[in-house]
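Participant: I need the structure of the sequence given here:
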Amino acid sequence: MAGKMVEFSSNGSTSTGYLSTPATGKGPGVIVIQEWWGLVDHIKDLADRFAREGFVALAPDLYHGTVAKSPDEAGKLLMALNIARAEKDLRGAIQFVLAQQETTGAKVGTVGFCMGGQLSLYAACANPNVGACVNFYGIHPNVHPNVAGLQAPVLGFFAEKDGSVTPETARKLEAQLKSAGKQTEFHIYPGVSHAFFNDTRPEVYNATCARQCWERMLKFFREHLG
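Facilitator: Below you'll find the predicted structure:
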């Protein structure tokens, strides 16, 4: 079914997001975290895709109504992001999803892309209500997850030809998580670039790798969220 914009509490304030629920009735909750562009149609479509697979999916609007129209604007929005407010928005989004009558289980999954990938890990480290974390080529210079607080398993997807999040950077993060005793599984896809999962960007999209990530991610969430 098609989703809708909703408003939810965010630590004394309010925020908005795009909520999509499964036609089958009930399912685990997933928080879908935007790229640096904002809450664009691609992210809303991903929430709808999750709903079709039986998940209750919420994509919070971390830019609060602003959408970038160019990489330059997106970069400025990324750097201007209030990290403390973003954490509150994500915490509010998690509580909102868990409170939905359609949501099963006591924990949610988080998944994010680019900026959102780093925020997915950040949210999982800060919130014990996250039961599974997926990180797609996550990067944000001002977001520093507290790995010690991480309780959820982490699934990571990265690109061999990513100049922003190099394979070396991905392997360093993987080693950090594993050395801290965290359950971690990273995949670095050969021959593809940053944002290869985004089917609205034909210059980088790779259908084969995107399909493999999607299938692995669904299996991961179903295994850890029920």
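
Participant: ok, residues contacting the longest helix along the chain?
Facilitator: In the chain, taking DSSP state H as the definition, the longest helix is helix 207-225. Applying Cβ atoms under 8 Å, 6 or more residues apart in numbering, the external contacts of helix 207-225 come out as 28-30, 49, 53, 55, 105, 107-109, 111, 131-132, 134, 136, 152-153, 155, 157, 185, 187, 189, 192, 196-197, 199. (Each C-beta comes from the backbone N, C-alpha and C, glycine too.)

Participant: Surely Met115 and Leu78 touch.
Facilitator: Yes - contact criterion Cβ atoms under 8 Å: Met115 and Leu78 qualify, at 5.3 Å.

Participant: hey, what's in contact with both of those two?
Facilitator: In terms of Cβ under 8 Å, 6+ apart, Met115 and Leu78 are both contacted by the residues Trp36, His140.

Participant: What ranges does this protein have for its strands?
Facilitator: Using DSSP state E, the strands of the chain run over 4-10, 13-20, 27-33, 56-60, 103-113, 130-136, 154-159, 184-189.

Participant: any low-confidence regions in the protein?
Facilitator: Along the chain, the parts satisfying pLDDT under 70 run over 1.

Participant: Swap in 90 and give it another go.
Facilitator: Along the chain, the model assigns pLDDT under 90 to residues 1-2, 10-13, 23-25, 226.

Participant: which parts of stretch 84-92 are buried?
Facilitator: Buried residues in stretch 84-92, counted by 16 or more other Cβ atoms under 10 Å: Ala86, Glu87, Lys88, Asp89, Leu90, Arg91, Gly92.

Participant: for stretch 94-113, same thing?
Facilitator: By neighbour count with 16+ other Cβ under 10 Å, stretch 94-113 contains the buried residues 94-98, 102-105, 107-113.

Participant: thinking again about what came up before, looking at the buried residues of stretch 84-92, which are in helices?
Facilitator: Under the assignment DSSP H, these contribute Ala86, Glu87, Lys88, Asp89, Leu90, Arg91, Gly92 to helices.

Participant: ends of stretch 109-128, how far apart?
Facilitator: Terminal residues of stretch 109-128 are spaced 11 Å apart (Cα to Cα, to the nearest Å).

Participant: can you check stretch 64-76 too?
Facilitator: 15 Å.

Participant: Pull out the buried residues from that stretch.
Facilitator: Buried residues in stretch 64-76, counted by 16+ other Cβ under 10 Å: Ala68, Ala74.
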